[in-house]
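> predicted model follows, preceded by the sequence.
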Amino acid sequence: MAVSKGSEPWILMVTARSPTNIAVIKYWGKRDETLILPINDSISVTLDPDHLCTTTTVAVSPAFDSDRMWLNGKEISLSGGRYQSCLREIRRRAGDVEDEKKGIRIRKVDWERLRVHIASYNNFPTAAGLASSAAGFACLAFALAKLMNIKEENGELSSIARQGSGSACRSLYGGFVKWVMGNDASGHDSIAVQLANESHWDDLVIIIAVVSSQQKETSSTAGMRESFDTSTLLHYRSKVVVPRRILQMEEAIRNRDFQSFARLTCADSNQFHAVCLDTSPPIFYMNDTSRRHVLLYSL
Ligand SMILES: Nc1ncnc2c1ncn2[C@@H]1O[C@H](COP(=O)(O)OP(=O)(O)OP(=O)(O)O)[C@@H](O)[C@H]1O
Ligand SMILES: C[C@@](O)(CCOP(=O)(O)OP(=O)(O)O)CC(=O)O
């Protein structure tokens, strides 16, 4: 039983902050939509949390009668499969929690019954192509894991964040991160691993130019589903191009070889947009400003 010394209803809270990550070899396409298992490995750079980040507070109290969430101040529904998967996976692993000062003791079994409230803020545009789902679900998984005293083992937290949004598994680590696609149908081997920490290449500067803060017309989830179903280029890319590029990108990062890093990043981003164009009906994520910049950087 969850108990407290006093008669007042108690509340326990945890606040966490997670940065977003930008893929330099992109994830686009799932082999399993429910578990969120990708068709290729991907590599990203995690940004400094002082810039683009999510801040999430999670709270538990016997006074709460349902799980609820507010995103950027507005209540959102938690009925979507992704939020439910994260909550279920976290509750399954929850441990005992004791707060001696407040006189609160929560046993492992209590977590099935106790409800949580979640408040999350992104300090950058949501659903606009800046990986809000990555920072958001990484932060959610991390904050809930702290609240419920979960011991992180073998990338388990990255596997839970992945079930919220694929790219989120990479935001749990700083520096350069690879999401290994894995082979197993259970998804246990589809986790993120750190390739190099944030100090490895500390004179690398990332500039984020926000060319539009409007919500995208096609979400990443819907877009990659349509590409998977209709684009032949996507399947060629995932089987032939990406495995080669992953090795080249790992080498470029290891050697801090900016020429190769920039060339591969631009080539992979352009191929991702080519896959979107090869999708039926085609998807356009670039606007006139981003198109002008792609031309500028290719010169
Ligand atoms: N802080 C957050 N906490 C939990 N979920 C979030 C948070 N921020 C965004 N999301 C979820 O992620 C969705 C947006 O994901 P989507 O992949 O479409 O856009 P993005 O991640 O901003 O861009 P991209 O994937 O192209 O980089 C939102 O509609 C919401 O469901
Ligand atoms: C273009 C991308 O940013 C797509 C990210 O897609 P999401 O991770 O947002 O998709 P879901 O797994 O369906 O939530 C490339 C990348 O981050 O690797």
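Done, it's in. Ligands and ions are numbered 1, 2, ... in the order given.
> how about the residues of the stretch 1-150 of the chain near ligand 2?
Selection of the stretch 1-150 of the chain residues close to ligand 2 by CB under 6 Å from any ligand atom yields 23, 26-28, 36, 42, 131, 133-134. All C-beta spots, glycine's among them, are computed from the backbone N, C-alpha and C.
> what helix or strand is whichever residue of the stretch 51-200 of the chain sits closest to ligand 1 on?
When scored by CB to the nearest ligand atom, the stretch 51-200 of the chain has Gly136 as its residue closest to ligand 1, at 2.4 Å. Gly136 belongs to helix 132-147 when assigned by DSSP states H and E.
> and that helix, which residues are buried?
132-145, 147 (16 or more other CB atoms under 10 Å).
> go on, stretch 60-80?
Burial within stretch 60-80, assessed by neighbour count using 16+ other CB under 10 Å, is assigned to 60-62, 67-69, 71, 78.
> quick check: mean pLDDT across stretch 248-263?
Across stretch 248-263, pLDDT averages out at 97.
> next, the buried residues of that stretch.
248-250, 252-253, 261.
> nearest to ligand 2, of those?
So of those, ranked by how close each gets to ligand 2 (CB to the nearest ligand atom), first place is Met249, at 12.5 Å.
> Asp48 is in contact with Ser18, isn't it?
No - using CB atoms under 8 Å, Asp48 is not in contact with Ser18; the gap is 11.9 Å.
> ok, these two, which is more surrounded?
Ser18 (26 against 11; other CB atoms under 10 Å).
> which SS class is that one?
Look at Ser18: counting by DSSP: H, G, I helix; E, B strand; the rest coil, its state is strand.
> likewise the one 5 residues further on?
Assigned by three-state DSSP, the conformation of Ala23 is strand.
> residue contacts, the residue most central in space within the chain?
Taking CA atoms, centre = their mean, the centroid of the chain lies closest to Ala168, which sits 1.1 Å from it. Applying CB atoms under 8 Å, 6 or more residues apart in numbering, we find Ala168 in contact with 133-138, 141, 161-162.
> identify the farthest-apart pair in these.
Farthest apart among the contacts of Ala168 by CB to CB are Ala135 and Arg162. That separation is 13.9 Å.
> Asn123 and Asp110: what is the separation?
Counting by CB to CB, to the nearest Å, the gap between Asn123 and Asp110 amounts to 34 Å.
> how about Leu144?
Separation of Leu144 from Asp110 (CB to CB): 15 Å.
> where do the strands sit along the stretch 1-150 of the chain?
For the stretch 1-150 of the chain, the strands defined by DSSP state E, counting those that start in this stretch occupy 3-4, 12-19, 21-25, 30-32, 37-38, 42-46, 53-60, 68-71, 74-76, 97-99, 104-106, 116-122.
> right, and those strands - which one's nearest Leu233?
strand 21-25 (15.7 Å).
> quick check: which helices or strands does the closest one pack against?
Judged by 3 or more CB pairs under 8 Å, 6 or more residues apart in numbering; DSSP states H and E, the packing partners of strand 21-25 are strand 42-46, helix 242-254, helix 258-277.
> now do that strand: distance to the chain's middle.
Here the centre of strand 21-25 is set off from its chain's centre by 11 Å, with CA atoms, centre = their mean, to the nearest Å.
> pLDDT weak spots in this structure?
Along the chain, segments meeting pLDDT under 70 span 1-7, 154, 295-299.
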